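Asker: Generate a structure from the sequence data that follows.
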Amino acid sequence: MANTTGKKFGGRKKGTPNKITSKAKGAIAEALDGESEHISEALHEIRKSGNYVEFINAIVKLCPYVIPKMTETEINAAISGGTDFNDLVKKIRGDKS
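Answerer: Take a look at the predicted model:
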């Protein structure tokens, strides 16, 4: 019989990585341990070559490993008093129209 309750029974807790993921991340971390100097040197060589497009691409590819990825947030809010958003912006700006 299928679970139609929407509740989770058994298995890993939400957000717990599986063993393979943990092992893979550990192996990558171990391989990169102590390589920061070499990475800096490689980036310096790319920059020194004058190929700025390649340099920026390398930096952009490294960013996800040090900067958390932002998620999109949508705000649905009602403004009390019958004022719509555009009227509120005009009021803040001081527009008389």
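Asker: could you show me where the helices are in this protein, in order?
Answerer: Counting by DSSP state H, the chain has helices at residues 19-32, 36-48, 52-62, 85-93.
Asker: Show residues contacting the third one.
Answerer: If I follow you right, that is helix 52-62. 39, 42-43, 46-47 (C-beta atoms under 8 Å, 6 or more residues apart in numbering). (Glycine included, C-beta is placed from N, CA and C.)
Asker: Apart from its neighbours in sequence, what residue is nearest Lys25?
Answerer: Pro17 (7.6 Å; C-beta to C-beta, 6 or more residues apart in numbering).
Asker: how far away is that neighbour from Ile59?
Answerer: 27 Å (C-beta to C-beta, to the nearest Å).
Asker: now do Tyr65
Answerer: Tyr65 is 11 Å from Ile59, by C-beta to C-beta.
Asker: between these two, who's got more neighbours?
Answerer: Legend: neighbour count by other C-beta atoms under 10 Å for Tyr65 and Ile59, higher for Ile59 (12 against 8).
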